[in-house]
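# Any chance you can model this:
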Amino acid sequence: MTPSESTDPGNDNHVKKASDFQKESAISVILGVFSLILSVIPLIAFMIAIAGMALGAKGRQGSYRGLATAGIVLNLLGIILAMVLWIVAFAISAQKHSH
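Predicted coordinates for the structure are as follows:
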């Protein structure tokens, strides 16, 4: 018996299960929602969204591609909204200090 044919249940650490991809995809969606909600705090939203996009990319390798894609889109929207709010806040701050 070769090592790859081992019946040891703990030997399949390198094999990703469908449930692992489902978890990554679902967590990506959850992080996407959090990144949208927390986009008023841009730095935190960026960190959450980057983690969510990474999990979404990993999740797309499984059979839950739609859920993973939704997570990626939500995280991307969180980044865009955070950047817009950051620019608006900076513009307002600069305008107040110029007068």
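# could you say what helices and strands the helix or strand hosting Asp20 packs with?
Asp20 belongs to helix 18-37 when assigned by DSSP states H and E. Applying 3 or more C-beta pairs under 8 Å, 6 or more residues apart in numbering; DSSP states H and E, one finds that helix 18-37 contacts helix 42-59, helix 65-98. Placement of C-beta: from N, CA and C, glycine included.
# can you pull the pLDDT of Gly62?
Looking at Gly62, its pLDDT is 88.
# which ones are touching the nearest residue to it once chain neighbours are set aside?
Nearest non-adjacent residue to Gly62, counting by C-beta to C-beta, 6 or more residues apart in numbering: Phe21, 2.4 Å away. Counting by C-beta atoms under 8 Å, 6 or more residues apart in numbering, Phe21 touches Lys58, Gly59, Gln61, Gly62, Ser63, Tyr64, Ala68.
# Distance of Phe21 relative to Ser93?
From Phe21 across to Ser93, the span is 43 Å (C-beta to C-beta, to the nearest Å).
# swap in Ile48?
Counting by C-beta to C-beta, the gap from Ile48 to Ser93 is 24 Å.
# Who has more neighbours out of those two?
Counted by other C-beta atoms under 10 Å, Ile48 and Ser93 do not tie: Ile48 has more neighbours, with 25 against 10.
# So that one is in contact with Ser28, correct?
No - counting by C-beta atoms under 8 Å, Ile48 does not reach Ser28; the two are 10.6 Å apart.
# shared neighbours, the two?
The contact lists of Ile48 and Ser28 share Asn75, where a contact means C-beta under 8 Å, 6+ apart.
# Centre-most residue in this structure?
Central residue of the chain (C-alpha atoms, centre = their mean): Gly52, 0.8 Å from the mean position.
# How about the contacts made by it?
27-32, 34-35, 71-72, 74-75, 78.
# Looking at the helix holding Asp20 now, give me its mean pLDDT.
On average, helix 18-37 scores 93.
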